[in-house]
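using only what follows, build the 3D model:
(one chain, ligands or ions: 1)
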Amino acid sequence: MSEGDTLLYLDGVTVTFDGFRALNALSLVLEQGEMRAVIGPNGAGKTTMMDVITGKTRPDTGKVMFGKDTDLTRLDEPAIASLGIGRKFQKPTVFEPHTVWDNLLLALAGDRAPRFTLFARQTADEKRRIEQILETTRLTDVRHRAAADLSHGQKQWLEIGMLLAQEPQLLLVDEPVAGMTDAETEQTAVLLREINRTRSVVVVEHDMAFVRALDVKVTVLNEGSVLAEGPIDLVSDDPKVIEVYLGR
Ligand SMILES: Nc1ncnc2c1ncn2[C@@H]1O[C@H](COP(=O)(O)OP(=O)(O)OP(=O)(O)O)[C@@H](O)[C@H]1O
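Predicted coordinates:
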């Protein structure tokens, strides 16, 4: 697949919970290599959209196409993950007692037994890949530290690193900078932009300074549909967006 092709296409996706429409004929197109920021008020359907892409929630109607001909609504979560769609949840889920290095090693190994992985000899290729991820996530200096001893921001970066170990084509990131310091937030924008050089990214976030720093096309969701879409300056001047979200 080359740049300019469509990587992800949501077409008329509706999700109903007990009669309540969390997604309402949602359509969205993500190009190969694109990074998209998704914003919108609480309850707008952002998390539900991520859940539909990853197969956690099945839509009532609509299509979710990945690449040219894979309909994700027909696949379960593990099958979707193995296509190269990685998701980072808001709360970090790193293995706290293990070092940063070992967390990455475990992530590289995937489903192999942790005990086996940590005591087996690391291959030169594994070492090279871990070093590369450490550099991307700015964790080289703390690689021998237990994950429990990292700052909140560093834990989030480690988790992003663990996802990178699985070489996803598309990375879904849910509120990565919640609880981060301003400096960590800035670093995270730089980090995601770097990751976006080789992978497509969808990032849900409320922090507007961060969204601005990403400097990518923004989709504003409201009541389960797209309210506005475009560059941040355009979207943030849109009276509809100001009314439902920014003006609160
Ligand atoms: N499993 C569920 N059962 C019933 N209602 C649900 C379920 N999941 C989500 N909802 C409802 O669907 C709506 C959309 O929720 P969603 O979490 O997708 O919004 P969001 O945009 O991610 O909000 P936030 O910014 O608060 O995370 C909300 O009103 C929520 O209460």
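
how far off centre is stretch 183-199?
Offset of stretch 183-199 from its chain centre (Cα atoms, centre = their mean, to the nearest Å): 12 Å.

what do you get for stretch 59-71?
Relative to its chain's centre, stretch 59-71 lies at 19 Å (Cα atoms, centre = their mean).

and that stretch, what's buried?
59, 62, 64, 65, 66, 67 (16 or more other Cβ atoms under 10 Å). Quick note: C-beta positions are derived from backbone N, CA and C, even for glycine.

low-scoring pLDDT stretches of this structure, where are they?
Counting by pLDDT under 70, the chain shows low-confidence ranges at 1-4, 110-119, 248.

one more time with 90
Within the chain, the stretches with pLDDT under 90 are 1-4, 19, 68-69, 88-93, 106-126, 245-248.

quick one on the thing from earlier: which one of the buried residues of stretch 59-71 is nearest to residue 150?
Closest approach to residue 150 among these (Cβ to Cβ): residue 66, at 32.8 Å.

from memory the closest one sits against residue 6, does it?
No. Using Cβ atoms under 8 Å, residue 66 is not in contact with residue 6; the gap is 9.5 Å.

which ones are touching the nearest residue to residue 164 once chain neighbours are set aside?
Closest residue to residue 164 apart from its sequence neighbours, by Cβ to Cβ, 6 or more residues apart in numbering: residue 133 at 5.3 Å. By Cβ atoms under 8 Å, 6 or more residues apart in numbering, residue 133 lies in contact with 104, 161, 164, 165.

change it to 6 Å
104, 161, 164 (Cβ atoms under 6 Å, 6 or more residues apart in numbering).

cool, and residue 86?
Per Cβ under 6 Å, 6+ apart, neighbours of residue 86: 163, 166, 168, 171.

could you rank those residues by neighbour count and give me the top one?
Neighbour counts for the contacts of residue 86 (other Cβ atoms under 10 Å) peak at residue 171, which has 23 neighbours.

which parts of the chain sit against the ligand?
By Cβ under 6 Å from any ligand atom, the residues of the chain that approach the ligand are 17, 22, 40, 42, 43, 44, 45, 46, 47, 48.

could you turn the buried ones of these into a ChimeraX selection?
Selection of the buried residues among the residues of the chain next to the ligand in ChimeraX, burial being defined by 16+ other Cβ under 10 Å:
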select :22,40,44,45,46,47,48
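
and the two most separated of the contacts of residue 86?
So, those by Cβ to Cβ: farthest apart are 166 and 171, at 9.8 Å.

follow-up on the earlier one: element containing the residue nearest to residue 164?
Residue 133 is part of helix 124-136 when elements are defined by DSSP states H and E.

quick one, strands of this structure?
Secondary structure of the chain by DSSP state E: the strands cover 6-17, 20-31, 35-39, 61-66, 70-71, 85-88, 170-174, 200-204, 218-222, 225-230.
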